[in-house]
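Trainee: got a predicted structure plus its sequence, pasted below:
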2 protein chains.
Amino acid sequence: MAHFFREKLKEKGLKVTPQRVAIYEAIVNLKNHPTAENVIEYIKLNHPNISVGTVYKVLDSLVENELLKKVKTEKDIMRYDAVLSNHHHLYCIETERIEDYEDENLNEMISNYFKNKKIKNFKVQDIKLQITGKFNK
Amino acid sequence: MAHFFREKLKEKGLKVTPQRVAIYEAIVNLKNHPTAENVIEYIKLNHPNISVGTVYKVLDSLVENELLKKVKTEKDIMRYDAVLSNHHHLYCIETERIEDYEDENLNEMISNYFKNKKIKNFKVQDIKLQITGKFNK
DNA sequence: TATCTAAAAGATAATCATTCCTATTTAAGA
DNA sequence: TCTTAAATAGGAATGATTATCTTTTAGATA
């Protein structure tokens, strides 16, 4: 995992720094699509000297270089996702929980639909589902 | 339009104030899913005495009372939508443009799909598509 | 129509996540 | 090991949003 990340950084011409590795690991370990603040808090435990500004900068540059994804939320706070494969999200209406949802059949069905049905004046590049609902206890 | 809004306010037990009407009209007139700031700027033209705090408070309460919807964006800025019917959004990757996309057939297809295919431990309540791509010039 | 009252608005201060700035440090190629 | 551009630390600045407190007002009631 860390190895994959290091390789990806190199590919993109980014330096492999302990800060970047720690921040990436934080996102992976934290699960549930952490916010920048979640990451900062988590990072502090084992890397108390990594500065807040660095976390923001690293998150931005990782998103820009496609090593992380941003997840849209109802709230105005950004959350981050280390899963890069094409997937959708389940949003819980009761809690802040967000889970990944992968479904190849669904992807295929939708992609077929838009092969026939064109949207006027718009070229589709990517389709993501926000599936809102409730997790069973 | 303004009439519909006034009735809705009454239904919800909210007072019909000039501020609320002006802010609602701003959202409708501005099209393209304005931000709070867009609204503030627009409002200033004809209602220079409506305060910034009021705009935020009104937007919040209208969303809470389902007279407006929030639109998720890549950026961490919330945008607002006066269209309440079930619809999806087209996001332009080049500009900030967001357009509504209504498609009954699509809704039906997806809803059928999830009638059969259940998601484990999750009760689906609503599904929204974020369709990313490019508008033709 | 005048009175009353809770709700709403205004004004401004406070908050707080994010960005900016600059000196210092460091990854990694020569 | 040396060099240098890139990255980080630390802290100040920003700016959107929220909170607070006072004044105003919508709308119910008499």
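Mentor: That came through, no problem.

Trainee: could you measure from the closest residue to residue A:24 other than its chain neighbours over to residue A:87?
Mentor: Counting by CB to CB, 6 or more residues apart in numbering or on different chains, residue A:5 is the residue found nearest to residue A:24 once chain neighbours are left out, at 5.1 Å. C-betas here are computed from N, CA, C, even on glycine. Using CB to CB, to the nearest Å, one gets 19 Å for the distance from residue A:5 to residue A:87.

Trainee: number of nearby residues for the residue nearest to residue A:24?
Mentor: Residue A:5 has 18 neighbours, counted by other CB atoms under 10 Å in any protein chain shown.

Trainee: quick check: it touching residue A:21?
Mentor: Yes: with contact defined as CB atoms under 8 Å, residue A:5 reaches residue A:21; the gap is 6.6 Å.

Trainee: which of the helices and strands in chain A ranks last by mean pLDDT?
Mentor: One helix or strand of chain A scores below all others by mean pLDDT, DSSP states H and E: strand A:79-81, with a mean of 80.

Trainee: so, in contact with chain B or not, that one?
Mentor: No: residues of strand A:79-81 contacting chain B under CB under 8 Å from any CB of the partner chain: none, with a closest distance of 10.1 Å.

Trainee: packing partners for that strand?
Mentor: When contacts are defined as 3 or more CB pairs under 8 Å, 6 or more residues apart in numbering or on different chains; DSSP states H and E, strand A:79-81 sits against strand A:69-71.

Trainee: same for the strand it packs on, what does it pack against?
Mentor: So strand A:69-71, by 3+ CB pairs under 8 Å, 6+ apart, packs with strand A:79-81.

Trainee: list the buried residues for stretch A:89-99?
Mentor: Using 16 or more other CB atoms under 10 Å in any protein chain shown as the test for burial, stretch A:89-99 gives A:89-91, A:98-99.
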